[in-house]
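Novice: Following is a predicted model, sequence given first.
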Amino acid sequence: RAVVAAADPDPRVNGRGFQRLREAGVAVTFGVGGAEARELNAGHVSRIARERPRTLLKLAVSRDGKAGLSGRRPVAITSEASRAYVHMLRAQSDAILVGVGTALADDPDLTCRLPGMAGWSPTRIVLDSDLRLPLSSKLVTSADVTPTVAIAAHDAAYDAERALAARGVLVWRVDRVDGRVGLRPALTLLALQGVTRLMVEGGPTLAAALLRADLVDEAALGQSPTDLGPNAIDALDGLPLAAITASPAFEISGRRVIGPDLWRRYVRRR
């Protein structure tokens, strides 16, 4: 007797295993633990059904809904305990995505820095239409340790690609959409390369663009108890935070307090 939680949506195999078992005289019980199985395999299901990874948008915002200081200056918003939680989210992802603007402004590592978990760091993906990623950036200088990919437009300079490639950075190319790397083509390319769960830690521009393109499946929203003031940068460029918190496209799936911060998790409605 076989007890199976969920079917594989891949059309190459979907249902065939059940049929072969039954033809061999094996009783099949289907659906036990189905909800849990669908959650565990959500990335694979998205890759097959939507031709893109399951996409988690992480946002750290102040109490007044801001994500940075005026002039797009970065600032630590949430607590050290919350940052440890974010590192765990990274470890649960195949890849982590930022725009080149964030790479230039913050020079991030985008690794999992929890003790003993460096090996769980996701592949770093940078949307970089014109290949502006500096050769001196942490993402480039550590590419031999943690994989780094720059997704560029087809017309980006090949000299820049060769310089990045010489330092271990993979360069993939997709079509431009409205002057920039197309988001949907980029995510489709990631799926084709085997990425099933994608975490997005880009800035307000990338976050808003993904929401507008309906490419966000989950959102992890960490809110600190402090304000940054009216001149600070909104968490979503040109969109209210309600585009997540009050959107009919999402429902809240959980709340947790981490240090002084409140984290809320939203998921796409089925």
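Specialist: Great, that's in hand.

Novice: Can you get me a residue count around residue 50?
Specialist: By other Cβ atoms under 10 Å, 16 other residues sit near residue 50. Yep, even glycine has a C-beta here, placed from its N, CA and C like the rest.

Novice: how far away is it from residue 42?
Specialist: 11 Å (Cβ to Cβ, to the nearest Å).

Novice: Spatially, what comes nearest to residue 52 if we skip its sequence neighbours?
Specialist: Closest residue to residue 52 apart from its sequence neighbours, by Cβ to Cβ, 6 or more residues apart in numbering: residue 187 at 3.9 Å.

Novice: Just the buried positions in the helix or strand hosting the one you found, please.
Specialist: Assessed by DSSP states H and E, residue 187 sits inside helix 183-192. Using 16 or more other Cβ atoms under 10 Å as the test for burial, helix 183-192 gives 183-191.

Novice: Where does the prediction get shaky in the stretch 51-200 of the chain?
Specialist: When residues are selected by pLDDT under 70, none of them lie in the stretch 51-200 of the chain.

Novice: where along the chain do the helices fall?
Specialist: Using DSSP state H, the helices of the chain run over 16-23, 34-40, 42-49, 80-91, 100-106, 138-141, 158-165, 183-192, 204-212, 242-245.

Novice: Return the list of helices and strands in contact with the last one.
Specialist: Counting by 3 or more Cβ pairs under 8 Å, 6 or more residues apart in numbering; DSSP states H and E, the packing neighbours recorded for helix 242-245 are helix 204-212, strand 218-223, strand 261-268.

Novice: Would you mind getting the angle between the last one and helix 42-49?
Specialist: It refers to strand 261-268. With axes from the mean of the first three to the mean of the last three Cα atoms, to 10 degrees as the criterion, the two stretches strand 261-268 and helix 42-49 enclose an angle of 30 degrees.

Novice: How about the longest one?
Specialist: Between the axes of helix 204-212 and helix 42-49, defined by the same axes, to 10 degrees, the angle is 60 degrees.

Novice: Pull out the buried positions in helix 204-212.
Specialist: The neighbour-count check on helix 204-212 (16+ other Cβ under 10 Å) flags 204-211 as buried.

Novice: which one among these gets closest to residue 109?
Specialist: Compare each of the buried residues of helix 204-212 with residue 109 using Cβ to Cβ and the shortest gap goes to residue 206, at 18.0 Å.

Novice: any idea how far the closest one lies from residue 47?
Specialist: Between residue 206 and residue 47 the distance, using Cβ to Cβ, works out to 21 Å.

Novice: And for residue 240?
Specialist: Where residue 47 is concerned, residue 240 sits at a distance of 31 Å (Cβ to Cβ).

Novice: More neighbours: the two, which one.
Specialist: Between residue 240 and residue 47, residue 47 has the larger neighbour count (other Cβ under 10 Å), namely 26 against 13.

Novice: my read: the more buried one touches residue 191, true?
Specialist: Yes - using Cβ atoms under 8 Å, residue 47 makes contact with residue 191 at a distance of 4.6 Å.

Novice: Now do the shared contacts for the two.
Specialist: With contacts defined as Cβ atoms under 8 Å, 6 or more residues apart in numbering, the residues adjacent to both residue 47 and residue 191 are residue 53.

Novice: so who does residue 70 touch?
Specialist: Residue 70 sits in contact with 231-233, where contact means Cβ under 8 Å, 6+ apart.

Novice: possible to save these as TSV with pLDDT?
Specialist: Below are the contacts of residue 70 laid out as TSV (pLDDT from 0 to 100):
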residue	pLDDT
231	90
232	92
233	92
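
Novice: In PyMOL, select just the buried ones from these.
Specialist: Applying 16+ other Cβ under 10 Å to the contacts of residue 70, the buried members can be selected in PyMOL as follows:
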select buried, resi 232+233
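
Novice: Tell me which of the contacts of residue 70 fall in strands.
Specialist: Within the contacts of residue 70, residues falling in strands by DSSP state E are residue 233.

Novice: any idea which of the contacts of residue 70 is closest to residue 142?
Specialist: Looking at the contacts of residue 70 and their distance to residue 142, the nearest is residue 233, at 27.4 Å (Cβ to Cβ).
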